[in-house]
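Visitor: Need a 3D model of the sequence below.
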Amino acid sequence: MGVKKKVKTIPATLTQFTAAPIAEQKKRRVAGYARVSTDHDDQFTSYEAQIDYYTNYIKGRDDWEFVEVYTDEGISGTSTKRREGFRRMIDDALSGRIDLIVTKSVSRFARNTVDSLTTIRQLKEAGVEVYFEKENIWTFDGKGELLLTIMSSLAQEESRSISENCTWGQRKRFADGKVSVPFHRFLGYDRGPDGNLVVNPEQAVTVKRIYSMFLQGVTYHGIADRLTADGIPTPGGKKKWSQSTVKSILSNEKYKGDALLQKSYTLDYLTKKTKVNEGEIPQYYVEDNHEAIIEPDVFEMVQREIQKRGRGKKYHSGAHTFSTKIKCGCCGSWYGSKVWHSTSKYRKVIWQCNHKFQNDEHCNTPHLTDEEIQQAFLAAANSMLATKATVIADAKEMMELLFDTTALEQEQDELLQETQLVSDMVQQCIQENARIALDQTDYLKRYSTLTARFEKAKTRLETVMDKLQQLQTKRAEIDAFLKAFEQLPDALTEFSPESWHSLVDFATVYGVDDIRFTFKNGQEIRA
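Guide: Numbering: from 1, shown residues only. Alright, predicted model coming up:
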């Protein structure tokens, strides 16, 4: 029989929660945390009530010392990154200013399991406890972490469910053609009584100016510099314009009264990371949704000009009226401006082929001065103005014959329906295979048939849409040409950038006495 062991208990001398001697009456420093996740008025009462409640609750305990009620208003709980009040509270706790944090529930603290557990463990290591009142969880309790993990997971699942419901609601709005934009950062429109877009007359002037400058050959950078110099605020209220802001305005279909919906979507409901929609989910195009600031014809002309302005051999500079408007008849490159004798009294600006001396065989086209180009343009334009009535009549007759898009538009509608139908059938086929044990040979055959059908319809749809866009853009260009041409006098006596840009598509130089102007109605005249 073994020797009976004698066990002597050594009593605790320090308080578990404060690490202070048991005999010492030291209060726990306690902070409250309150958060509401929306800015709606019906949540404001809850927000104020939480602050008032935790202030009185903490101060009502004799063994607690009130520190502060930290707050976040109108912030989502799925991530701690944007919650300034929460982050400040954690910093204060880790730096030793807080012993206990009291909050309403796990979902008020965080709806992200990883964030919640990581933060709790950091606080635990620093000797800071958290009390979740609704669930009655104390994190220093032995069962605390298990309960916390379960409750945080449930809160995260609730957040996922809410996110899915919001996404469904938003996509239903899109499918119904309901348009919404960030009005505080959207130039040219205000929110109307029904929530739709209403033209802001003052801002619309700036939008029209941007489109006008672009069609006159000014680059994105040049437009941004002019708007900045004139002190016009950006859509976000800043003083300095950027090229990207200008390009965004020039390419946004809302300025012609239409709206493309679901351009991007949220990838992850926790991180809120978004992605440009490249076909992963449906998009919806709403025509004539609101009053246009830019005429649809002008908008299409701008889109065509955006496509034309590419880098490479035919790079558009936009630094001058004649930039990317004069072609070399020898190699097809654009003419660019060069300065001769830049530091002397013989300084002269000339235009010549940008690639004149870059190849083994030099281009034999001549250089030209501004005056020579202007005089050649006036001669060609006046030649056409001499038969003004005939030019207008011929152009209108040509438009009726060449630009009837009825058949293409009908085919486009049919192909859109076909691609949507087959896309749904493909998705249904995949889901069925995931749920039911199908014969894989039959499944692959069915899947391949559907995808081949989809690709065929999609390829034809892209071809039809491209043809439609080309015809509509060209029609818009000729229509704009006719409007400008009809307003001109019977003869031009002076050169103006406005008449140049409204009439001329480009000029091709073959020789000093052989400059051919291609006008926007397709007519070529040698000056």
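Visitor: going forward, measure contacts between C-alpha atoms and count neighbours the same way
Guide: Fine.
Visitor: wait, what's in contact with M425?
Guide: By C-alpha atoms under 8 Å, 6 or more residues apart in numbering, M425 lies in contact with L450.
Visitor: tell me which element it is part of?
Guide: helix 406-435 (DSSP states H and E).
Visitor: Now for the residue nearest to V246 when sequence neighbours are not counted, how many residues are close by?
Guide: Spatially, and ignoring its direct neighbours in sequence, V246 is nearest to Y220 (6.1 Å; C-alpha to C-alpha, 6 or more residues apart in numbering). The local packing of Y220 (other C-alpha atoms under 10 Å) involves 21 other residues.
Visitor: pretty sure Y220 contacts Q243?
Guide: Yes: look at Y220 against Q243 with C-alpha atoms under 8 Å: they come within range, at 5.1 Å.
Visitor: still on that earlier bit, so what secondary structure elements neighbour the helix or strand following the helix holding M425?
Guide: Beyond helix 406-435 in the direction of the C-terminus, DSSP H and E gives the next helix or strand as helix 440-487. Packed against helix 440-487 by the contact rule (3 or more C-alpha pairs under 8 Å, 6 or more residues apart in numbering; DSSP states H and E) you find helix 296-308, helix 388-402, helix 406-435, helix 497-503.
Visitor: so what does the shortest one touch, helix or strand wise?
Guide: By that I understand helix 497-503. helix 440-487.
Visitor: any idea of the angle the helix it packs on forms with helix 406-435?
Guide: Between helix 440-487 and helix 406-435, the angle comes out at 150 degrees (axes from the mean of the first three to the mean of the last three C-alpha atoms, to 10 degrees).
Visitor: Off-centre distance for helix 440-487?
Guide: The chain centre lies 24 Å from the centre of helix 440-487; the measure is C-alpha atoms, centre = their mean, to the nearest Å.
Visitor: Give the rounded mean pLDDT of that helix.
Guide: Helix 440-487 carries an average pLDDT of 87.
Visitor: For the stretch 151-300 of the chain, which segments count as strands?
Guide: 189-191, 197-199, 259-261, 264-266, 274-276, 284-286 (DSSP state E, counting those that start in this stretch).
Visitor: Make a markdown table out of those and add distance to A457.
Guide: Converted to a markdown table, the strands of the stretch 151-300 of the chain look like this (distance: least, C-alpha to C-alpha, whole Å):
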| stretch | distance to A457 |
| --- | --- |
| strand 189-191 | 37 |
| strand 197-199 | 35 |
| strand 259-261 | 22 |
| strand 264-266 | 24 |
| strand 274-276 | 24 |
| strand 284-286 | 18 |
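Visitor: Okay, domains of this protein per the record?
Guide: 28-163, 186-308, 326-526 (automatic domain parsing).
Visitor: Tabulate the ones you listed (JSON lines), appending distance to K5.
Guide: JSON lines is the format used below for the domains of the chain (distance: least, C-alpha to C-alpha, whole Å):
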{"stretch": "domain 28-163", "distance to K5": "29"}
{"stretch": "domain 186-308", "distance to K5": "57"}
{"stretch": "domain 326-526", "distance to K5": "64"}
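Visitor: mean pLDDT for the ones you listed: which is lowest?
Guide: Among the domains of the chain, domain 28-163 scores lowest, with a mean of 76.
Visitor: three-state assignment of C331?
Guide: coil (DSSP: H, G, I helix; E, B strand; the rest coil).
Visitor: Make sure it is actually in contact with C363.
Guide: Yes: using C-alpha under 8 Å, C331 is in contact with C363, at 6.9 Å.
Visitor: Looking at the two, which is more packed in?
Guide: C363 (19 against 16).
Visitor: mind checking the backbone torsions on the residue nearest to K520 when sequence neighbours are not counted?
Guide: Counting by C-alpha to C-alpha, 6+ apart, the nearest residue to K520 once its immediate chain neighbours are dropped is D505, at 5.1 Å. With angles defined as degrees, to the nearest 10, D505 sits at phi -80, psi -50.
Visitor: what's the burial count for the nearest residue to D225 once chain neighbours are set aside?
Guide: Nearest residue to D225 in three dimensions, chain neighbours excluded: W241, at 7.0 Å (C-alpha to C-alpha, 6+ apart). By the measure other C-alpha under 10 Å, the count of residues near W241 is 24.
Visitor: Could you do E409 as well?
Guide: 14.
Visitor: who's in contact with it?
Guide: Contacts of E409 (C-alpha under 8 Å, 6+ apart): L468.
Visitor: Now the residue nearest to D225. Its backbone dihedrals?
Guide: phi -90, psi 150.
Visitor: ok, now which ones touch it?
Guide: A224, D225, L227, T228, P233, T234.
Visitor: go again using 7 Å as the cut-off
Guide: For W241, the contacting residues are A224, D225, L227, T228, T234, by C-alpha atoms under 7 Å, 6 or more residues apart in numbering.
Visitor: mind putting these in JSON lines, distance to I306 included?
Guide: Listed next are the contacts of W241 as JSON lines, based on distance: C-alpha to C-alpha, whole Å:
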{"residue": "A224", "distance to I306": "16"}
{"residue": "D225", "distance to I306": "19"}
{"residue": "L227", "distance to I306": "19"}
{"residue": "T228", "distance to I306": "22"}
{"residue": "T234", "distance to I306": "21"}
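Visitor: Pull out the buried members of the residues you listed.
Guide: A224, L227, T228, T234 (16 or more other C-alpha atoms under 10 Å).
Visitor: Can you tell me how far the second one is from S344?
Guide: So that's L227. 34 Å (C-alpha to C-alpha, to the nearest Å).
Visitor: T119: neighbour count?
Guide: 15.
Visitor: Also the one 4 residues further on?
Guide: For L123, the count of nearby residues is 22 (other C-alpha under 10 Å).
Visitor: The helix or strand harbouring it: how far from the chain's middle?
Guide: Using DSSP H and E, L123 sits within helix 113-125. With C-alpha atoms, centre = their mean as the basis, helix 113-125 stands 35 Å off its chain's centre.
Visitor: same question, stretch 376-389
Guide: Worked out by C-alpha atoms, centre = their mean, stretch 376-389 lies 44 Å from the chain centre.
Visitor: Thank you kindly, that will do.
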